[in-house]
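S.K.: What shape does this take:
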Amino acid sequence: MSSVVRRSNRPYEEVVLTVRNRTVVCHGWGNLGTHRSVWENTNPLYYATPLLLLQLSLICIVSLLIDLCLQPLGQSTIVSQIFGGILFGPSLLGRKDMTIGSKLFPLRGNLVLKTVATFGLMCFFFVIGVQMDIGIMTRPGKKAIAIAFSAIFITLATTLPLSLALNNYVPMEANLAKSLPIFAACQCLTPFPNIACLLTELKIINTDLGRLAIASALFSDIIGISLTAIGFGILQALGGEPASALWSILSTIALVVVIVCILRPAMLHIEKHTPEGKPVRNTHIGAIILVAMVTGFVSEYIGQHFVLGPLVLGLMAPEGPPLGASLVSKLHYPISKLLYPTFLTTSGLEMNVYKINLQSSWIVGIIVVFSTLVKIGAVVLAALCSNMHLRDALVLGLMLNARGINELVLYNLWRDDQVITDELFALAVLSLLMVTAIITPLIKFLYDPSKQHYQMNRRAIQNIKHNEELRILVCIHNQENVPALLNLLEASYASEENPIAVMGIILVELVGRSHPMLIHHKRERATQKSDTLRSGSILNALRQFELYNKTCTTVQAYTSLSHYATMHDDICQVAFNHNTSIVILPFHKQWAIDGSIGSVNRAIQSLNLKVLDRAPCTVGIFVDRNILGGSLTMLASQSMYHVAVIYIGGADDVESLLYGARMVRHDNVTLNIVRFLLFGSHSARERKHDNELIGQVRHVNAGNERFLYQEQLVRDGVGLASSISRMSEGFDLIIVGRHHQESCLLEGLETWSECPELGVVGDMLASPDFISTASVLVVQQQQRVGRKLANRTIHCVASDQD
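M.R.: Residues are numbered from 1 along each chain as shown. Modelled structure (predicted):
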């Protein structure tokens, strides 16, 4: 049976032929040429180029609008992007009785749009391959292996027999009965791209559960890809072409060997000959992208899916900077914001809910619900055997049920090869949407580290007992800040009676990789990994500091390789696990040698605000002006280090005072405490606590020529600002609290504050208008219950001995 529809009211005739389940669209060659403008009484949408541009624009705009509407419901972007396609497809606006969908997305434009989507899909998987770490795929850890095996094989061993039982005992259409076992088998897959995209969007990829889910997904991808390849081989052999299946497998092996043995060494050669700190040449980037397209063509030519070659090539590319980072930075935005949503939308366009009947829907629904619950149970079982909490195990099971791009690729491939019918394709896409729409808000509800609390003793310098070890966590973002930080650490006074323990975290933005890492650098030896992260010199400086104070100082070094949006999780967890008393963060502004602001990093500012809100101990933000006065350290020069403490009142100023009091015990440190008092205020009750504390500090330092205490009376905020401006000379470091007790001295100054993380006085000291070479340390003492970090030990996914 066939039908012919002629549309002759167009500049070029269009013919739509429907033969059985195939639709053929015939239109004139002129539709692909240069179009005429609307002023020439022609419709530009009848030509391929303007139609494609309009479709791409609509996909981006509609997906964005739907996403904005669904975000309050806790939905992920993949739901909005697929729903955008459904909106214009035959299920809604593309119905026969509605013309808007058929005009914007006519059948004649499907070929061009799907070609663009196919190219975007190929590039997407190439970028995913570049971001994946083969080391974690092959060495994921025992817990991740157990969870991956449990999720895949328990789900497969239960869901597949269920589909066979339904085939035998439940009446259904012949086509559904034939394809139901294949659909049931694919429910066991746990693809890495789905989970990485979801966790990144939820901003929990840097948590312990996020890392475990990523490691499990990476390992399960090895199993999933192998099972998928075996399945395709079996299907091809059952189709009566065993010889073709054999040649396809052999040619696939040959393609992988060429990529591993020839193309990977070539990419390593490019990376090796790229100067440190310099980007990879654009010609090399263009050549690699061209090779990715060639491998996609070869994959199609030998009978495999076109994403196979680019995916393997991406896996073989060196991840991280410089090559991996350059590839991702060049391709990420156009792919993630345009081409990737286009493929998702085309999947929605192909779905027609009117082809679904009730009996098929509940049969498929049973398979989906059963497989989802079984996978959650399998993950929970394996996680509980690994001593995880039940709530965390349940959240992990939800994470590993994430559906997305990988399933859509399989469903589209099976639909094109007529392995599944249009009805099952629509049901499969709907099930994907429903599962994702349910698990995403559930994960947000059950697992939100920022809202989980744990009762704990607040760690602060004020609470340190006599002769107790001072534990400092130093966060290093730029190598230029190291000399000033070493001066701060040296001034913190380490002795055999009062030792200090330093935990150094090198903050590295995650670029060119898809999963974060917390690397623990062992003492025994340096590594190539630290050199790759350009942190070797920072590690050497920390080791030299430890050797210089080897009888009274211990140093542990980490590298947090993460997105800035989630990097605070690493900092807070390290601080909790090491019981640190103070976390020292870098300021987001860097000074140039002429005294002006050289660079501003707003991501670091956002990071600092999150740590200030969630850290389990005192937090200090270090404003480094060391470059203005030279970069020599106390270790090298043995010169005097002049410290000033500004005291107005409040818990933060108390913390600053006690930190300065510890520093003055160092033979090369001088301390000047400047206390500002409001003129005419004689409330002894308000000053009693401050007087007692300052009196104790003065008593301990009686007779110490390096200790100076002075009081200044000021009338208002103008007088305070004027007095502070006169402190610009003669100091190497000024310590001040972030918040102060309520006082008329601070009235009116808040309106001029630019950096809320520094407080009023700290912002004044860090301003370019405050012309000084003195660095500033703004201290905040935590005054509330800390965030929940208990039972969350640091799981370093790599060490420098690996």
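S.K.: OK, contacts around the closest residue to Gly109 other than its chain neighbours?
M.R.: Distances taken as C-beta to C-beta, 6 or more residues apart in numbering place Leu51 nearest to Gly109, at 4.9 Å, with adjacent residues excluded. From N, CA and C alone the C-beta is placed, and that goes for glycine too. Going by C-beta atoms under 8 Å, 6 or more residues apart in numbering, Leu51 touches Pro44, Leu45, Pro106, Gly109, Val112.
S.K.: Need the per-residue pLDDT for Leu51.
M.R.: pLDDT, Leu51: 81.
S.K.: how much space between it and Pro334?
M.R.: Going from Leu51 to Pro334 by C-beta to C-beta, to the nearest Å gives 20 Å.
S.K.: And the helices in the stretch 301-450 of the chain?
M.R.: Ranges of helices within the stretch 301-450 of the chain are 308-316, 323-334, 340-350, 358-385, 390-399, 405-416, 422-446, based on DSSP state H, counting those that start in this stretch.
S.K.: For the longest one, which helices and strands make contact with it?
M.R.: Contacts of helix 358-385 with other secondary structure elements, assessed using 3 or more C-beta pairs under 8 Å, 6 or more residues apart in numbering; DSSP states H and E, are made with helix 142-149, helix 155-169, helix 174-185, helix 390-399, helix 422-446.
S.K.: switch to 10 Å and redo it
M.R.: Counting by 3 or more C-beta pairs under 10 Å, 6 or more residues apart in numbering; DSSP states H and E, the packing neighbours recorded for helix 358-385 are helix 142-149, helix 155-169, helix 174-185, helix 208-238, helix 390-399, helix 422-446.
S.K.: Dump those helices to JSON lines, plus mean neighbour count, distance to Val307 and mean pLDDT.
M.R.: As requested, the helices and strands packed on helix 358-385 are arranged in JSON lines below (neighbours: other C-beta atoms under 10 Å; distance: least, C-beta to C-beta, whole Å; pLDDT from 0 to 100):
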{"stretch": "helix 142-149", "mean neighbour count": "20", "distance to Val307": "22", "mean pLDDT": "86"}
{"stretch": "helix 155-169", "mean neighbour count": "17", "distance to Val307": "23", "mean pLDDT": "89"}
{"stretch": "helix 174-185", "mean neighbour count": "19", "distance to Val307": "19", "mean pLDDT": "86"}
{"stretch": "helix 208-238", "mean neighbour count": "20", "distance to Val307": "11", "mean pLDDT": "71"}
{"stretch": "helix 390-399", "mean neighbour count": "21", "distance to Val307": "24", "mean pLDDT": "90"}
{"stretch": "helix 422-446", "mean neighbour count": "20", "distance to Val307": "18", "mean pLDDT": "88"}
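S.K.: which stretch among these comes nearest Asn701?
M.R.: helix 208-238 (44.7 Å; C-beta to C-beta).
S.K.: Mind checking what secondary structure Thr618 has?
M.R.: Three-state assignment for Thr618 (DSSP: H, G, I helix; E, B strand; the rest coil): strand.
S.K.: Extract the residue ranges of the stretch 351-500 of the chain that are flagged as low pLDDT.
M.R.: 449-458 (pLDDT under 70).
S.K.: Check which element follows the helix-or-strand element of the chain with minimal mean pLDDT along the chain.
M.R.: Least confident helix or strand, the chain: helix 528-532 with a mean of 42, by mean pLDDT, DSSP states H and E. Going down the chain from helix 528-532, the next helix or strand is helix 536-548, by DSSP states H and E.
S.K.: With just CA atoms, put that next one into PDB.
M.R.: C-alpha atoms of helix 536-548 as PDB (Å, rounded to 0.1, in the frame of the first residue of the first chain):
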ATOM      1  CA  GLY A 536      55.800  20.700  41.000                       C
ATOM      2  CA  SER A 537      57.400  24.000  42.200                       C
ATOM      3  CA  ILE A 538      54.600  24.500  44.800                       C
ATOM      4  CA  LEU A 539      55.100  21.000  46.100                       C
ATOM      5  CA  ASN A 540      58.900  21.600  46.300                       C
ATOM      6  CA  ALA A 541      58.400  24.800  48.200                       C
ATOM      7  CA  LEU A 542      56.200  23.100  50.800                       C
ATOM      8  CA  ARG A 543      58.700  20.300  51.200                       C
ATOM      9  CA  GLN A 544      61.500  22.800  51.700                       C
ATOM     10  CA  PHE A 545      59.500  24.500  54.400                       C
ATOM     11  CA  GLU A 546      59.000  21.100  56.100                       C
ATOM     12  CA  LEU A 547      62.700  20.300  55.900                       C
ATOM     13  CA  TYR A 548      63.600  23.700  57.300                       C
END
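S.K.: Let me see the mean pLDDT of it.
M.R.: Here the average pLDDT along helix 536-548 is 86.
S.K.: what about it, distance to the chain center?
M.R.: Relative to its chain's centre, helix 536-548 lies at 29 Å (C-alpha atoms, centre = their mean, to the nearest Å).
S.K.: go on, stretch 292-300?
M.R.: Its chain's average C-alpha position is 30 Å from that of stretch 292-300, according to C-alpha atoms, centre = their mean.
S.K.: ok, and for that stretch, which residues are buried?
M.R.: Neighbour-count burial for stretch 292-300, counted by 16 or more other C-beta atoms under 10 Å, picks out Ala292, Met293, Thr295, Gly296, Val298, Ser299.
S.K.: Kindly report the same for stretch 100-108.
M.R.: Buried residues in stretch 100-108, counted by 16+ other C-beta under 10 Å: Gly101, Leu104, Phe105, Pro106, Arg108.
S.K.: Residues contacting stretch 698-708, please?
M.R.: For stretch 698-708, the surrounding residues in contact (C-beta atoms under 10 Å, 6 or more residues apart in numbering) are 640, 642-644, 660-661, 663-674, 697, 709.
S.K.: Relative to the whole chain's centre, how far out is stretch 152-171?
M.R.: Its chain's average C-alpha position is 37 Å from that of stretch 152-171, according to C-alpha atoms, centre = their mean.
S.K.: from now on call the first residue 566
M.R.: Sounds good: first residue 566 from here, last item stretch 717-736.
S.K.: Restrict that stretch to CA atoms and write it as PDB.
M.R.: C-alpha atoms of stretch 717-736 as PDB (Å, rounded to 0.1, in the frame of the first residue of the first chain):
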ATOM      1  CA  ILE A 717      24.700  -4.600  35.500                       C
ATOM      2  CA  PHE A 718      24.500  -8.400  36.000                       C
ATOM      3  CA  ILE A 719      21.800  -8.500  38.700                       C
ATOM      4  CA  THR A 720      19.600  -6.200  36.600                       C
ATOM      5  CA  LEU A 721      20.300  -8.200  33.400                       C
ATOM      6  CA  ALA A 722      19.800 -11.600  35.100                       C
ATOM      7  CA  THR A 723      16.400 -10.500  36.400                       C
ATOM      8  CA  THR A 724      15.000  -8.100  33.700                       C
ATOM      9  CA  LEU A 725      15.700 -10.300  30.700                       C
ATOM     10  CA  PRO A 726      13.900 -13.400  32.100                       C
ATOM     11  CA  LEU A 727      11.000 -11.200  33.000                       C
ATOM     12  CA  SER A 728      10.700 -10.000  29.400                       C
ATOM     13  CA  LEU A 729      10.800 -13.600  28.200                       C
ATOM     14  CA  ALA A 730       8.100 -14.600  30.700                       C
ATOM     15  CA  LEU A 731       5.900 -11.700  29.500                       C
ATOM     16  CA  ASN A 732       6.500 -12.900  25.900                       C
ATOM     17  CA  ASN A 733       5.300 -16.400  26.800                       C
ATOM     18  CA  TYR A 734       2.300 -15.600  29.100                       C
ATOM     19  CA  VAL A 735       1.000 -12.200  28.100                       C
ATOM     20  CA  PRO A 736      -0.600 -11.600  24.700                       C
END
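S.K.: pretty sure Leu876 is touching Leu820, no?
M.R.: No: in this structure Leu876 lies outside contact range of Leu820 using C-beta atoms under 10 Å: 11.3 Å.
S.K.: So for those two, which residue has more residues nearby?
M.R.: Neighbour count, other C-beta atoms under 10 Å: between Leu876 and Leu820, Leu876 has more, with 27 against 20.
S.K.: Check whether Ser912 really touches Tyr976, as I assumed.
M.R.: Yes: taking C-beta under 10 Å as the definition, Ser912 is a contact partner of Tyr976 at 7.4 Å.
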